[in-house]
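Chemist: Predicted coordinates and the sequence they were generated for:
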Amino acid sequence: MTLAERLAGLRHLDRRWIFLLLALTVALPMIRPIGLRVVPGEAATRFYTAIDTLPAGSRFMISFDYEPGSAPELQPTGVAVLVHGFRRGLKPVLVGNWALGGELADQALRLARGVLRRSADPHDREIEAGLVDGKDFVNLGFKPGGVIHLKNMAKDIFQPYPVDRAGRRAPGLEIFRNADGRGFSMADIGLIVSLTGGNHGIDDYVYTAGEHHRPLAAACTSIAIPRLQTYLQTGQMLGMAGGMPGAAEYERLVGIRGSATAGIDSQSMAHLLILSFILLGNLSWQAGRRLDAASSESGAEGERA
Amino acid sequence: MTVEMLTTWTGAAMTLCIFSFLWGDNRAFRFAENLFVGASAGYYASTVYVHSVLRPLLLARLWPGLFGAAGPGPVPDAEVLFLVPLVLGGLMLFRLSPAKAWLSRVTVGFYLGVGTGLTVVYAVQQVLVPQIRKAITPLWVAGAPWTTVSNWIMTFGTVACLFYFFFSAEHRGRLRSTTARFGITLLMIGFGALFGAAVMGRISILIGRFQFLLSDWLGIW
């Protein structure tokens, strides 16, 4: 059998072989890591700097705008941002524009506290031991409505969030107390970070930027990177962590080895495999076309003879 | 067996049931699919909407003494204006009756009107205008040749892509056809980037599931 015939034969390959190869390519680097380097890009570094330059004690908002399907890409950034914030002495206010945002925010909090608790640095463990719900962080949970909800929140944050996720009256929580006695408003939020899994994420915060007037940063799913890149170019967003690679870059900047860093080997190997599939697929198609043309020509000659 | 173990084993079993579809359609896959739809609907309706939305944002506003949050301080006054969303929400239930389903259109119309109106204004103010402003760049930047090249690509790329979708004049003649071809080339590059990003996203989801199976469930990683 010639090489062309072998290549053409790939057109009839059972697709389950492809699934098996992909599964092995993803699983093997997890069992035996390759240790590919993660180099933080400009967008992730700007995102990190936006949080790093907030004055200690600042309140900043993290909006969990996704559901479990996008968690592998966004949850690691949420955890890394929380760890970064706690280390810097910032106070995260967690919200969710997606129905399961409140649950995912709780899970991210648990994971971030776990990272600090297991850290080799005693200062991290000290920070974790001192964290108080309602004083150092708060989870306000999910609220629907998209831009209408955010418009409402820009006017008065306690209008859509009269209580936190635990059912406590939000205005009475210590995290919302200002030293000068002023009532808490969106102006007291140093930065809004949206972990965007689709609609009702960073787009809605950009849309209502003229009302809340807060600086923005985002983490997004891979598919949204090309679209959200435009907000970086216009300066409407300070920084961005795109997909699992962006999350790994943020983890590297914070100095933790989370699930995104652990998944980068698998991601890179899977990309190489898909590249080879595309190449082989095209070669197979070309070879098949030539063989089909050759056989139809010889068939026509046979008929003439 | 602890609750956490039970949750992990159930999650692993459901993941494997869904993965079994790769071999072919089967009962295990359909069972997991139906269970997911049912459990999600129940969870959204009760825990998420009643607990996070209906109670704190509507019922507690109308009947603060009955549904309001417990805690120090006086019970706030009832906000009668919230009867409007209560009525509008109630009208949606008429969708269950084919004869009276038209009543729900009042709510849908209200929501669509407000939502569309706001989105159009915001899209123009916060997306279209900043993008146009960003597209106006100097075509000659002294001492920065790459910035100059980048600005040329962006400016003429924007024009070419828009021209490709200009159907009032045929793309004939050297100038028009070259511009349209340049536009479609850039669009194809954009679609390629989108496809690559989509592949990356799907692989990330697969990695997430494998991390769960290998780490949380089997504990071998």
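Modeler: Ah, there it is. Numbers count the residues shown, from 1 in each chain, chains lettered A, B, ... in the order given.

Chemist: Just list the residues touching the closest residue to chain B within the stretch 51-200 of chain A, thanks.
Modeler: Closest contact between the stretch 51-200 of chain A and chain B, by CB to the nearest CB, is at A:Pro72 (2.7 Å). All C-beta spots, glycine's among them, are computed from the backbone N, C-alpha and C. With contact set as CB atoms under 8 Å, 6 or more residues apart in numbering or on different chains, A:Pro72 has these partners: A:244, A:259, A:263, B:204-205, B:207-209, B:211.

Chemist: does it belong to a helix or a strand, and which?
Modeler: For A:Pro72, the element it lies in under DSSP states H and E is helix A:71-87.

Chemist: Then B:Arg61?
Modeler: Applying DSSP H and E, one finds B:Arg61 within helix B:60-62.

Chemist: before we move on, what about A:Arg46?
Modeler: helix A:42-52.

Chemist: what separates the spatially most central residue of chain A from B:Gly219, distance-wise?
Modeler: With distances taken as CA atoms, centre = their mean, chain A has A:Leu74 as the residue nearest its mean C-alpha position (2.6 Å). Separation of A:Leu74 from B:Gly219 (CB to CB, to the nearest Å): 25 Å.

Chemist: average pLDDT across the helix or strand containing B:Gly183?
Modeler: If you go by DSSP H and E, B:Gly183 is part of helix B:174-211. Mean pLDDT, helix B:174-211: 94.

Chemist: before we move on, back to that, list the contacts of the closest residue to the residue of the stretch 51-200 of chain A closest to chain B other than its chain neighbours.
Modeler: Among residues not flanking A:Pro72 along the chain, B:Gly208 sits closest, at 2.7 Å (CB to CB, 6 or more residues apart in numbering or on different chains). Contact analysis of B:Gly208 by CB under 8 Å, 6+ apart lists A:71-73, A:259, A:263.

Chemist: pLDDT and distance to A:Gly102 added to these, as a markdown table?
Modeler: Output for the contacts of B:Gly208, formatted as a markdown table (pLDDT from 0 to 100; distance: CB to CB, whole Å):
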| residue | pLDDT | distance to A:Gly102 |
| --- | --- | --- |
| A:Ala71 | 96 | 14 |
| A:Pro72 | 95 | 19 |
| A:Glu73 | 96 | 19 |
| A:Ser259 | 94 | 21 |
| A:Gly263 | 95 | 25 |
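
Chemist: Which ChimeraX command selects the buried ones in those residues?
Modeler: To isolate the buried members of the contacts of B:Gly208 in ChimeraX, using 16 or more other CB atoms under 10 Å in any protein chain shown:
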select /A:71,72,73,259,263
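
Chemist: For the contacts of B:Gly208, work out which two are farthest apart.
Modeler: By the measure CB to CB, A:Ala71 and A:Gly263 form the most distant pair in the contacts of B:Gly208, at 12.0 Å.

Chemist: just the angle between the helix holding A:Pro72 and helix B:174-211, please?
Modeler: With axes from the mean of the first three to the mean of the last three CA atoms, to 10 degrees as the basis, helix A:71-87 and helix B:174-211 are set at 80 degrees to each other.

Chemist: What helix or strand is A:Ser63 located in?
Modeler: Per DSSP H and E, A:Ser63 falls inside strand A:59-65.

Chemist: Average pLDDT for that strand, rounded please.
Modeler: 98.

Chemist: and that strand with helix A:71-87, angle?
Modeler: Relative orientation of strand A:59-65 versus helix A:71-87 (the same axes, to 10 degrees): 170 degrees.

Chemist: Tell me the gap between strand A:59-65 and the middle of its chain.
Modeler: Centre-to-centre, strand A:59-65 and its host chain are 13 Å apart (CA atoms, centre = their mean, to the nearest Å).

Chemist: go on, stretch A:68-79?
Modeler: From the chain centre to the centre of stretch A:68-79 is a distance of 5 Å (CA atoms, centre = their mean).

Chemist: what do you get for stretch A:217-237?
Modeler: 12 Å.

Chemist: Okay, buried residues for that stretch please.
Modeler: Within stretch A:217-237, judged by 16+ other CB under 10 Å, the buried ones are A:217-225, A:228-229, A:231-232, A:234, A:236-237.

Chemist: Any part of the host helix or strand of A:Asp106 near chain B?
Modeler: Assigned by DSSP H and E, A:Asp106 belongs to helix A:101-117. Yes. Contact of helix A:101-117 with chain B (CB under 8 Å from any CB of the partner chain) involves A:Gly102.

Chemist: which strands and helices sit next to that helix?
Modeler: Counting contacts by 3 or more CB pairs under 8 Å, 6 or more residues apart in numbering or on different chains; DSSP states H and E, helix A:101-117 packs against strand A:59-65, helix A:71-87, strand A:91-96, helix A:122-129, strand A:138-142.
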